[in-house]
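J.: here are the coordinates; sequence isn't available:
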């Protein structure tokens, strides 16, 4: 990969319906993303842990482990908790949407999904995530600089105390001699 070519963002698509996966895989691949696929919750968790995708498109209604449970597990693990999750589902009730957001989902798309909407939401959430990562890096740099400045400040204070202590004896002598000179006059 050349230095001018940025790495492709990786998207994990999780859906138990092969046709849904196929359509999204094709569209997102053509759009320039690296697309990973999992057709059940267990594989989704394994893939997310190993590949650390930039974003996850997650179906809610799947046999075995549903999307809500997968999201809950993803958000509870240190290595996957910051990966944005966008639910894709036919569930349109507000209570289902609220549940998804309470579990840590970033967004919610209703099926059938529209390609332009999927792309717009993915792009927006990837941009937000990258800005968050930049902010985290800057915070770490600032914390490191703060530690270094505190260390230097402590060294400066120790040096100032040493200098002050070392100057006391000669200054005391000078003050004593000055006093003698003044009394002699």
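T.: Great, that's in hand. All of these numbers come straight from a predicted model, not from anything done at the bench. Numbers count the residues shown, from 1 in each chain.
J.: do you know how far residue 13 is from residue 146?
T.: 42 Å (Cβ to Cβ, to the nearest Å). Yep, even glycine has a C-beta here, placed from its N, CA and C like the rest.
J.: just the pLDDT at residue 155, thanks.
T.: Per-residue confidence (pLDDT) for residue 155: 88.
J.: tell me where the model's unsure across this protein.
T.: Applying pLDDT under 70 to the chain flags residues 1-7, 184-185.
J.: mind running it again at 80?
T.: For the chain, applying pLDDT under 80 flags the ranges 1-7, 91-92, 164-185.
J.: circling back to that earlier point, residue 13 and residue 146 - which one has more neighbours?
T.: Each of residue 13 and residue 146 has its neighbours counted (other Cβ atoms under 10 Å); residue 13 has more, 25 against 10.
J.: run through the residues that contact the more buried one.
T.: Contacts for residue 13 (Cβ atoms under 8 Å, 6 or more residues apart in numbering) come out as 21, 24-25, 28, 35-38, 57.
J.: could you redo the last one with a cut-off of 6 Å?
T.: Going by Cβ atoms under 6 Å, 6 or more residues apart in numbering, residue 13 touches 21, 24, 37, 57.
J.: measure it to residue 155 for me?
T.: To residue 155, residue 13 is 54 Å away according to Cβ to Cβ.
J.: then residue 88?
T.: Applying Cβ to Cβ, one obtains 57 Å for the distance of residue 88 from residue 155.
J.: which of these two has more neighbours?
T.: residue 88 (23 against 10).
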